[in-house]
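# 3D, please:
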Amino acid sequence: MSFKQLVTGCAVLAALSLSATQAHATQSFRLAWSLYPGYMPWDYASEAGIVARWADKYDIDIEIVQINDYVEAINQYTAGEFDAAMMATMDALTIPAASGMDSTSIAVIDYSNGNDVIIMRNGDSLSDLAGKRINIIEYSISHYFLIRALEEVGLSERDVTLVNTSDADMVSLFAHPSTQAMVTWNPMASDILQQPDAVNIYDSAQMPGELTDSIVVNTATLEKHPELGKALLGAWFETMAIMQGDDAEAKQAREAMGIAAGTDQAGYEQQLEATYLFYSAEEVVNMMADQQLQDTMASIASFSFERGLLGSGQDLSETIGISYPDGSVWGNADNITLRFNNEFATLAAEGEL
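All right, here's what the predicted structure looks like:
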């Protein structure tokens, strides 16, 4: 063999080796989450190595990233900086889906059962909100929650003044005497309600099943990499199984989640009492197939359309579409940008992950 042939052969082998390495490169994904009782399991699942084990099973990497500002987490997901994110199901519609990012809820994981709170200073009822300034994340699930609550006492958005406020600023802001009222959620709400002049005048326990949260994944990414959906729900339901028990491991898990949330085990367990978590995959499958989900999303879509959050269509049905596990589509079937897919939860329920 000539020197030229030897060099050429080595180059070919090197190219083949590089190609093989690239072909087997581990695909990496990122999930964003922010402080909320129903999202805290991700912190434990990540720290305890549960996410890593499920990612390894499917030969991928998954990074779980905490973002201090809730809306910013969703915005970063919408901008493509994350492949998945935790968010209120309504916000999945009004932010990524409304922006044109086709997104899929692979699991509706809970509903707020007291975690979302309308807090007031110098008042004790919803009627007392008339004429008041209310600090809130405008156009978010909190906004919807407030409007639904005001309707119960014959008030509307026109009867109050909304002040757009980041969730990261809620606790410190309520300490200012000029703050009159606030809509927020745990753990911030629990901290605020420890102040002697803070009064819970209404919470989401009076609106069961409406304020849901989801694990949302970029649809194109999910279709190309279904292993991501499998790994995420594998890790999620393993963590659910651990934390709901009363043994030492369950208590340790809840304690770790409480510390990560800025409280302790008792404080976090109190927050969990106000969170209706779907601990089993079967519950998630049933929730996503329930007509109540479609009815609630229709109500949310109407609310969002009236505030210009779903585009400029002349009619609500002309804006975007929402698809459901039974194959039905609400809205524009030619522009589906939010999908409820319980395929992965079904696999988990059947032990097939």
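
# CA atoms for contacts and neighbours, from now on please.
Noted.

# Number of residues surrounding Val247?
Not Val; residue 247 is Asp. The local packing of Asp247 (other CA atoms under 10 Å) involves 10 other residues.

# just the one 3 residues further on next, same as before
One way to gauge burial is a neighbour count; for Ala250, by other CA under 10 Å, it gives 17.

# and the nearest residue to it once chain neighbours are set aside, what does it touch?
Distances taken as CA to CA, 6 or more residues apart in numbering put Met243 closest to Ala250, at 4.4 Å, once the chain neighbours are dropped. Counting by CA atoms under 8 Å, 6 or more residues apart in numbering, Met243 touches 249-251, 253-254.

# Tell me which two of these sit farthest apart.
Glu249 and Arg254 (8.7 Å; CA to CA).

# Which one of these two is surrounded by more residues?
The residue with more neighbours, out of Glu249 and Arg254 and counting by other CA under 10 Å, is Arg254; that gives 25 against 13.

# Just give the nearest non-adjacent residue to the more buried one, would you?
According to CA to CA, 6+ apart, the nearest residue to Arg254 is Gln265 (5.7 Å).

# The one you found - how many residues pack around it?
Gln265: 18 neighbours (other CA under 10 Å).

# Equivalent analysis for Asp213, please.
Using other CA under 10 Å, Asp213 has 24 other residues around it.

# which SSE is it in?
strand 212-218 (DSSP states H and E).

# cool, Ile62 as well?
Judged by DSSP H and E, Ile62 forms part of strand 60-66.

# residues in contact with that strand?
With CA under 8 Å, 6+ apart as the criterion, strand 60-66 contacts 26-35, 42-43, 46, 51-52, 55, 228.

# Am I right that Asn286 falls within a helix?
Yes: counting by DSSP: H, G, I helix; E, B strand; the rest coil, Asn286 is found in a helix.

# where exactly do the strands run in the stretch 101-250 of the chain?
103-112, 116-120, 133-136, 161-164, 181-185, 199-203, 212-218 (DSSP state E, counting those that start in this stretch).

# For Met287, the count of nearby residues, please.
So Met287, with other CA under 10 Å, has 19 neighbours.

# right, and it touches Gln294 too?
No: in this structure Met287 lies outside contact range of Gln294 using CA atoms under 8 Å: 10.3 Å.

# now Ile60: how far from Ala88?
26 Å (CA to CA, to the nearest Å).

# Do you know the pLDDT at the residue nearest to Ala250?
Note on Met243: pLDDT of 97.

# With the one 3 residues further on instead?
Taken from the predicted model, the pLDDT recorded for Asp246 is 91.

# when you give positions from now on, start the count at 22
Let's use 22 as the start, then, which means that last one is Asp267.

# Next up, the contacts around it.
Applying CA under 8 Å, 6+ apart, no residues contact Asp267.

# Phi and psi next, for it.
phi -120, psi 10 (degrees, to the nearest 10).

# any idea how far it is from Glu290?
Asp267 is 12 Å from Glu290, by CA to CA.

# For the most centrally placed residue in the chain, which three-state class applies?
Centroid-nearest residue in the chain: Met108, 2.0 Å away (criterion: CA atoms, centre = their mean). Put simply, Met108 is strand when judged by three-state DSSP.

# What residues are recorded as beta-bridge partners of it?
Applying DSSP bridges to Met108 gives these bridge partners: Ser235.

# show me the contacts for it.
54, 95, 234-237.

# Same question for Met261.
Here Met261 is in contact with 62, 300-301 (CA under 8 Å, 6+ apart).

# residues contacting Ala369?
Counting by CA under 8 Å, 6+ apart, Ala369 has contacts 254-255, 258, 302.

# In a helix, it, correct?
Yes: under three-state DSSP, Ala369 falls within a helix.

# Distance check, it against Leu254.
7 Å.

# can you check Gln291 too?
25 Å.

# Those two: who's more crowded?
Counted by other CA under 10 Å, Gln291 and Leu254 do not tie: Leu254 has more neighbours, with 23 against 15.

# next structured bit after the host helix or strand of Ile280?
If you go by DSSP H and E, Ile280 is part of helix 269-281. Going down the chain from helix 269-281, the next helix or strand is helix 286-294, by DSSP H and E.

# next structured bit after that following helix?
Sequence order places strand 296-298 as the next helix or strand after helix 286-294, per DSSP H and E.

# Report all helices and strands that that next one contacts.
strand 124-133 (3 or more CA pairs under 8 Å, 6 or more residues apart in numbering; DSSP states H and E).

# distance of Ile130 from Ile140?
25 Å.

# Same check on Gly352?
To Ile140, Gly352 is 35 Å away according to CA to CA.

# And those two? Which one has more around it.
Ile140 (29 against 19).

# hang on, isn't the more buried one packed against Val204?
Yes: shown here, Ile140 and Val204 form a contact pair, counting by CA under 8 Å, at 6.2 Å.

# In contact with the closest residue to Ile321 other than its chain neighbours: list those residues for me.
Spatial nearest neighbour of Ile321, chain neighbours left out: Met111 (6.6 Å); criterion: CA to CA, 6+ apart. Shown in contact with Met111 (CA under 8 Å, 6+ apart): 161-162, 232-233, 318, 321.
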